[in-house]
Every structure is written in C-alpha cells, then in structure tokens.
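In: Requesting a structural model of the entry that follows:
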Amino acid sequence: MNALKRAVLSFSLAAAVAAPAAFLAPPAALAESALQYRQAILQDLDPSSADRLLKSDADRAAVRAALPADSTAIFRQAAELKDLMDMLGAHSDAATLRRALTARPAPSELFTQPAKLLGWTQRHAGASYDLVRAVVWDWDKLTREQAAWLSPQVTRQAWEAMTLPKRHEHMRRWGQAIHERLMKAAPKTQAEVDRMRQEYAAVRGAISHDEAVDISRRLTMASRSITALGDVQSRLSKLQDPALKTMLDQARNARDMETTLSTLSKIYDRMGVANGSLKAVAPAEAGQTLDAGSRSTLAKALGPALMRQVRGTTAGDDLAEFYKTHELKIAVAPRKAIATYDDGTRTITFSEELILELVKGEGLTVSQFLSRGDAFGRAAALLAPVFTHEATHQMQSEWARAQKISDQSGQHRELEAMMVEALFTNEKMAVDPGFKAVTEGAADRSLLAAESLSLAESLRKNRTLFRNKIIADHYPELNSLEANLWCGITFNLMLVKELQDEITRRRRLPIAEQGRLARGPPFPKPGMTQAEWSQALRKVGTPFLEDQVKRQRETAGAKAEDYDKSRDRLAQADRKVAQAMQDLAQGKRPGRKASGVPPP
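Out: All right, here's what the predicted structure looks like:
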C-alpha cells in the first residue's frame with residue numbers, strides 16, 4: 001500500500017457550511033434526524049437511507065454537527081450500501097457481479113461473508129437473492145463439474161464457513177486451468193467451436209475480465225477460421241488445383257489456430273479473393289509489423305486526422321476548444337487495451353495490435369497503409385470514437401487538476417467517456433455518410449467497428465440500460481464513485497490508527513528513548529510500499545507522526561467535496577448527452593453550439 005500517497009476519502013465533512021440550511025432546524029430536530037440515520041445505516045444497513053443521506057448536503061451537515069464522533073463511520077457505511085445496491089441494479093449475471101464484489105480493495109464483512117450478504121440481500125433486495133447465491137458460490141449453485149472438481153479438496157461444511165474471497169480463490173484455480181486450455185484450443189468444426197463457447201460461458205465467472213476478453217477474442221478467431229474453412233472448401237470444389245487442396249488439408253490438420261489462419265490467408269491470396277475478416281485476425285505477414293520509425297510516423301499523422309474526423313460533433317467542438325490550450329500527444333505502442341490515456345505524460349496511446357488489425361484487414365503492408373490516403377482515412381474513421389473516449393479522460397484529468405481534487409480512476413470516469421464515445425458515433429453517422437459506410441462495412445472484420453456500432457445503438461435505445469451495460473460488460477472490476485469513497489475511508493482510518501498506535505507506544509517508552517525518537521527524521525519519501533511504511537513508522541520523528549495525523553484529519557473534509565464534484569460532473573455529462581441525443585432525434589445538427597449545453 002502506498003500509504004502516504006493514497007488518495008484517502010474520509011467523510012468528516014468539516015465544511016458543513018456548504019449546507020447552511022441544515023442549521024435552520026432546531027438542534028433537537030437535527031439530533032433526532034442524525035440518530036435516525038445512525039440507526040438506519042450502521043445498525044439496519046438500510047440502502048434507501050444511505051442513498052438519501054449521500055444525496056442531501058443538509059442531512060450530511062446535520063449528521064456531522066450532531067454526531068461528530070460517528071459521522072465518518074456513518075458516511076463510510078452509507079457509501080458502501082449505495083455501492084452494493086448500484087451493483088445489484090447494474091449486473092444481471094453472476095460472473096460480472098462477482099468480479100465487482102471481489103475486486104473492491106477494502107471489503108467489509110458485508111462483502112466477504114456470504115451468509116451476511118445473503119441475509120442483507122433477502123431483506124433489502126429480494127429479487128436478487130437467487131443471483132447472489134450464485135455469486136457467492138453457494139454449494140447448491142455449483143455445477144456438477146465444479147462440485148466434482150471441488151469435492152476432493154474441501155467438504156461442504158468447510159466451504160460454507162469460508163469467506164467469499166477464499167471460495168473464489170478455489171474456483172479461480174479451476175477457472176484458470178480451463179482458461180489455459182481454451183487459449184490453446186484449435187477447433188476445426190462448428191461443433192468444436194460451440195463446445196468451446198459453452199466452456200467459456202461456464203468458466204467466465206471464475207476468471208478475470210481480461211482473461212474473459214482473451215477467450216472471447218480467441219472465439220472470434222475460431223469462428224472466422226471455421227467460416228473460412230467452409231468457404232475455401234466450397235470454392236475449391238469448383239477448381240482443379242491440387243496444390244490449394246493440399247494447403248486446405250494442412251489448414252485443417254494444423255495443431256494450432258495461428259497456423260490454420262495463416263494457411264487459409266495464403267489460400268485466399270492464391271485464389272485472388274479478398275477476405276479482410278480472416279486476415280484481420282491472422283498472423284502478420286511480411287511488412288505487417290511496426291518499428292520505431294513507422295510508429296512515430298503513424299502517431300504524427302493520427303493527431304490531425306482524428307481531429308478532422310471529430311469536427312462538427314459535440315465531442316469535436318469540445319475537443320477543438322480544449323486543444324487550443326492543451327497539447328494533443330498521440331503515440332502507438334504495444335498495448336492490451338485498445339487505447340489508453342497516461343496522465344503522467346499526457347499522452348493518448350493506441351494499441352499497436354489494434355492498428356495492425358486494421359492494416360491486415362485492408363490486406364496491405366504498413367508502408368502501403370501509410371502512403372495510401374484512402375486506407376489511412378478509413379482507419380482514422382474507425383479510431384475516432386475511441387479517440388473521443390481517451391481525449392475525454394485527458395479533459396477529466398485537467399479538470400480535476402484545476403479543481404485541486406484527487407484524480408481517481410473509476411467507473412464514473414469511464415461512464416462519462418463511454419457516453420461521449422457513443423454520442424459521437426451516433427452524431428457522426430447521422431451527418432457523415434462516408435463514416436457510416438466505413439464503420440458498418442468494417443463491422444464483420446473489425447471488433448472496434450462492431451463495438452462502436454453496439455455502443456451507439458445501446459445509447460439510442462435506453463440510457464439507463466446503456467449505463468448498466470458499461471458497468472457490467474466493460475468495467476466490472478473498477479471502483480464506482482461510491483466505492484472510491486468507502487474504500488478510501490477504510491484506508492484513511494487504517495492509516496490514522498497506525499499512526500496513533502505508534503504515538504501511543506512511544507509514550508510508554510523510557511524518557512531517553514522518547515527523546516531520541518522525537519529527534520527522528522521525517523518520512524523518507526511519499527511513495528512507499530506497505531513494508532517500507534511499517535519500517536518508517538518506527539524511525540520517523542514523533543513530531544512528524546503527529547503532523548501526519550493532523551494532515552490526514554485536515555484533508556478529510558476536502559475529500560467529501562471531491563466526491564460531490566465528481567458526482568455532479570457525471571450528472572452534468574449525462575444531461576448533456578441526453579440533450580444532444582434529443583436534438584439528434586429532432587433532426588438538429590450536432591455540436592455543442594447547436595445544443596446549447598455547456599461541457600461538463
């Protein structure tokens with residue numbers, strides 16, 4: 001744990017003056033309201049009361065004023081309850097909900113004790129009870145295969161006494177063995193692909209989101225391979241070409257999928273038939289790799305091309321204004337993610353693998369791709385939606401810096417960026433027939449194009465369902481805004497307790513030893529591991545320990561304001577997107593100036 005640098009969130013709410021209306025009520029009424037909140041949230045674990053408290057500045061100020069000693073615990077628990085209730089609302093299957101529950105970095109007993117979670121769910125979210133039984137790996141909800149794998153290792157009685165993290169640790173081992181096997185699979189028939197897909201569905205809840213994405217991509221490769229095998233066989237039945245038939249046999253008999261795809265790609269080349277869908281996922285051919293020079297050339301060309309693509313849309317207007325005062329830095333590098341924004345270097349980096357997928361799908365070498373304006377333009381069009389996403393992250397970071405708040409990652413940032421991305425795709429398709437044709441035409445060979453179309457359609461249909469889809473399908477393992485809050489409070493309390501325990505220990509030491517420690521050095525550096533932090537506690541001068549306790553308490557109130565600002569920003573972004581989509585449905589030209597909605 002980076003204890004000094006961690007952006008802890010403590011809801012001490014020293015800035016109660018933000019809600020002066022709370023103090024207009026008689027003191028007795030304030031105290032009664034605060035006591036009711038304490039009972040409802042700390043004792044009854046009532047999510048409705050938690051949600052009401054987090055939404056009301058006046059009520060939060062009343063709790064802080066009437067119960068200063070309990071307010072931190074009350075706000076921490078309120079945030080946890082809202083986080084849990086939001087998760088139950090967003091997730092409709094056990095796999096993604098389990099990922100969300102087990103990914104929280106500071107889980108309480110409500111999250112880790114299956115019996116407590118089930119009891120709470122039965123009282124407050126009865127409709128989700130059966131789902132939560134599956135989430136906590138209830139023994140009676142295990143599949144026959146899972147139970148058979150587990151039974152030699154643990155009894156039912158021992159299983160029922162285990163925490164959720166311990167249960168999940170067992171099932172992770174089961175899931176990772178299947179993940180490893182599926183990543184090596186080379187199906188040659190549709191029946192084999194179907195079995196692979198069934199295994200993936202069964203194991204999805206026992207592996208990480210990234211591992212699930214790996215298998216999903218593998219399934220895409222397998223499906224395209226099977227389709228191509230059938231297509232080639234049909235074409236060759238009309239040709240008398242023994243060499244090509246031999247190559248087809250080699251493709252069928254290959255031990256790995258990569259060889260099958262590569263051989264099929266060569267067959268299509270020999271036949272003079274284009275197959276961008278297959279080539280996009282096949283291994284790279286000669287000239288289809290990037291070096292330092294081509295990466296640099298590509299990155300320099302992408303910036304202007306992407307800004308041209310987004311022009312005339314809501315996102316484009318915002319970005320044009322933003323980049324008048326901020327530098328647009330683009331890079332291309334090996335990345336597992338499609339694209340990332342690095343706030344340290346203020347750089348948007350696109351995945352080299354993604355770029356090469358587009359190059360291969362065009363059937364070109366990298367040099368041909370860079371020199372042909374039509375191919376590069378199509379690629380820029382396909383990359384434009386994700387560019388608006390990552391550029392939104394840059395704007396978020398600069399906004400947080402200007403607001404002097406901690407720039408925490410989390411679902412709230414991704415929700416805003418995904419809304420911007422989906423809105424852009426909808427607007428661009430409405431006003432640019434060329435973009436629409438490129439995106440729809442590439443959907444069968446480009447996962448990026450298919451995802452852009454899916455997100456755009458989801459936003460058009462229902463913004464609430466869109467929000468849930470983003471949380472469940474894309475970012476289940478990220479903290480929500482409320483999770484950042486309650487996990488931060490937990491870390492803050494732990495940090496303060498460790499400091500105070502050490503100060504108390506020193507007061508019991510002989511006077512001479514106390515004097516020596518009082519003259520000790522400051523903390524050596526702001527970014528320490530847990531081990532380094534523990535060692536430093538014993539050596540740092542006592543005045544520095546006392547100062548650190550004071551600093552933590554002084555910054556606690558400001559963290560509450562950070563939460564409010566981030567929540568309000570997301571709400572403003574949601575309103576802006578809703579207005580822009582309404583304008584689009586009414587046939588108005590897109591863009592911030594047309595909609596009249598200010599950027600968040």
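In: wait, residue 174 sits on residue 207?
Out: No - here residue 174 lies out of contact with residue 207, judged by C-beta atoms under 8 Å, at a distance of 9.6 Å. From N, CA and C alone the C-beta is placed, and that goes for glycine too.
In: So for these two, which sits in the more crowded spot?
Out: Per other C-beta atoms under 10 Å, whichever of residue 174 and residue 207 has more neighbours is residue 207, with 23 against 17.
In: And the more buried one, what's its pLDDT?
Out: pLDDT recorded at residue 207 is 91.
In: if I read this right, it contacts residue 177, doesn't it?
Out: No - applying C-beta under 8 Å as the test, residue 207 and residue 177 come out as separate, 10.3 Å apart.
In: give the contact list for the spatially most central residue of the chain.
Out: The chain has residue 475 as the residue nearest its centroid, 3.2 Å off, counting by C-alpha atoms, centre = their mean. Residues near residue 475 by C-beta atoms under 8 Å, 6 or more residues apart in numbering: 411, 414.
In: And the one 4 residues further on, by the same measure?
Out: For residue 479, the contact set (C-beta under 8 Å, 6+ apart) comprises 103-105, 408-411, 487.
In: Could I have the buried ones of the residues you listed as ChimeraX selection syntax?
Out: This is the ChimeraX syntax for the buried subset of the contacts of residue 479, where burial follows 16 or more other C-beta atoms under 10 Å:
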select :103,104,408,410,411,487
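In: Tell me the one among the contacts of residue 479 nearest to residue 462.
Out: Nearest to residue 462, judged by C-beta to C-beta, of those is residue 411 at 18.2 Å.
In: can I assume that closest one is in contact with residue 484?
Out: No - using C-beta under 8 Å, residue 411 is not in contact with residue 484, being 9.1 Å away.
In: and residue 54, how many neighbours does it have?
Out: Using other C-beta under 10 Å, residue 54 is surrounded by 22 other residues.
In: Can you list the buried residues in the helix or strand containing it?
Out: Assigned by DSSP states H and E, residue 54 belongs to helix 47-55. Neighbour-count burial for helix 47-55, counted by 16+ other C-beta under 10 Å, picks out 47, 49-54.
In: And for stretch 122-140?
Out: Those would be 124-125, 128, 131-139, for stretch 122-140 by 16+ other C-beta under 10 Å.
In: Just flag the most distant two among those residues.
Out: Comparing the members of those, the greatest separation, given C-beta to C-beta, is between 124 and 139, at 23.6 Å.
In: shouldn't residue 283 be in contact with residue 260?
Out: No - using C-beta under 8 Å, residue 283 is not in contact with residue 260, being 10.3 Å away.
In: Those two - which one has more neighbours?
Out: Neighbour comparison, residue 283 and residue 260: the larger count goes to residue 260, with 25 against 13 (by other C-beta under 10 Å).
In: Residue 376 is in contact with residue 305, isn't it?
Out: Yes - counting by C-beta under 8 Å, residue 305 is a contact partner of residue 376 at 7.0 Å.
In: name the element residue 331 belongs to?
Out: strand 330-333.
In: How much space separates residue 252 from residue 192?
Out: 12 Å (C-beta to C-beta, to the nearest Å).
In: I meant to write residue 532 there.
Out: Residue 532 sits 51 Å away from residue 192 when distances are taken as C-beta to C-beta.
In: okay, now residue 586: neighbour count?
Out: Neighbours of residue 586 under the rule other C-beta under 10 Å: 7.
In: nope, residue 572 is what I meant
Out: Residue 572: 15 surrounding residues under other C-beta under 10 Å.
In: which secondary structure elements does the lengthiest helix in the chain contact?
Out: Scanning the chain for the helix with the most residues, using DSSP state H, yields helix 542-585. If contacts are counted by 3 or more C-beta pairs under 8 Å, 6 or more residues apart in numbering; DSSP states H and E, helix 542-585 sits against helix 373-403, helix 411-431, helix 447-461, helix 463-469, helix 481-507, helix 511-518, helix 592-595.
In: Could you identify which of these is most buried?
Out: Of all the helices and strands packed on helix 542-585, helix 411-431 carries the top mean neighbour count, a mean of 24, counting by mean count of other C-beta atoms under 10 Å.
In: what angle sits between that one and helix 481-507?
Out: Here helix 411-431 runs at an angle of 160 degrees relative to helix 481-507 (axes from the mean of the first three to the mean of the last three C-alpha atoms, to 10 degrees).
In: Following element in sequence after helix 411-431, please.
Out: helix 433-442.
In: Keeping just the C-alphas, turn that following helix into CSV.
Out: Written as CSV, here are the backbone C-alpha positions of helix 433-442 (Å, rounded to 0.1, in the frame of the first residue of the first chain):
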residue,chain,number,x,y,z
PRO,A,433,-22.4,9.0,-44.9
GLY,A,434,-18.8,8.1,-45.5
PHE,A,435,-18.1,7.5,-41.8
LYS,A,436,-21.3,5.4,-41.6
ALA,A,437,-20.4,3.3,-44.7
VAL,A,438,-16.8,2.7,-43.4
THR,A,439,-18.0,1.7,-39.9
GLU,A,440,-20.8,-0.5,-41.0
GLY,A,441,-18.7,-2.1,-43.7
ALA,A,442,-15.9,-3.0,-41.3
